[in-house]
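Enquirer: below is the structure, and that's it, no one-letter string:
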């Protein structure tokens, strides 16, 4: 019978600790246009409930008709927003990139997303939890007004894109003069 063997591994425990993203998250939040007027205390509170999320190509972040758990601020990568035409076909609405926001329906009680968001290029985004953002907006009238304005703009963009959408018609020309 084989002799029992014991293998010992030495490891450095600090290699198992995730990096502390808090300082970078706080600095990024300070630079986001609609958050720049918040107090240091409000920004600190938001930073503690903000996570760094990474998504790969073709991952779905937000699904139309479902509620969003929070707001995403894109740091890098691209996301395509699509909406349903009511017949099950997905219509391209717009592409979002670094500096753009999605998931704004999270700020509205009992509101579902008007679009689906699919990653086009690997994405890194800050994710601000709904409860923390709502609590901050409830104590900061300016933030509440700016977020309402943003939500209205996004709703108008989605409605306009869906109403103006025309399916691509492929015109085939007969090569031998015969009718199709």
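Expert: Structure's in. What do you need? The structure displayed is predicted, hence computed values, not measured ones.

Enquirer: name the helices or strands packed onto the host helix or strand of residue 74?
Expert: Assigned by DSSP states H and E, residue 74 belongs to strand 70-84. Using 3 or more Cβ pairs under 8 Å, 6 or more residues apart in numbering; DSSP states H and E as the contact test, the elements touching strand 70-84 are strand 60-62, strand 90-96, strand 101-102, strand 116-129, helix 130-139, helix 141-164. (Each C-beta comes from the backbone N, C-alpha and C, glycine too.)

Enquirer: give me the low-pLDDT residue ranges for the chain?
Expert: The chain contains residues with pLDDT under 70 at 1-19, 166-180.

Enquirer: try 80 this time
Expert: Residue ranges of the chain with pLDDT under 80: 1-20, 85-86, 88, 109, 165-180.

Enquirer: of all the helices and strands packed on strand 70-84, which lies closest to residue 42?
Expert: helix 130-139 (5.5 Å; Cβ to Cβ).

Enquirer: tell me what the closest one is packed against?
Expert: Taking 3+ Cβ pairs under 8 Å, 6+ apart as the contact cut, helix 130-139 packs with helix 40-48, strand 70-84, helix 141-164.

Enquirer: pull out the buried positions in it.
Expert: Neighbour-count burial for helix 130-139 flags 130, 132-134, 136-137 (criterion: 16 or more other Cβ atoms under 10 Å).

Enquirer: cool, stretch 97-117 as well?
Expert: By neighbour count on 16+ other Cβ under 10 Å, the buried set for stretch 97-117 is 101-108, 113-117.

Enquirer: looking at those, which is nearest residue 152?
Expert: Among those, residue 104 lies closest to residue 152 (Cβ to Cβ), at 9.9 Å.

Enquirer: wait, the closest one sits on residue 152?
Expert: No. Between residue 104 and residue 152 there is no contact under Cβ atoms under 8 Å: 9.9 Å.
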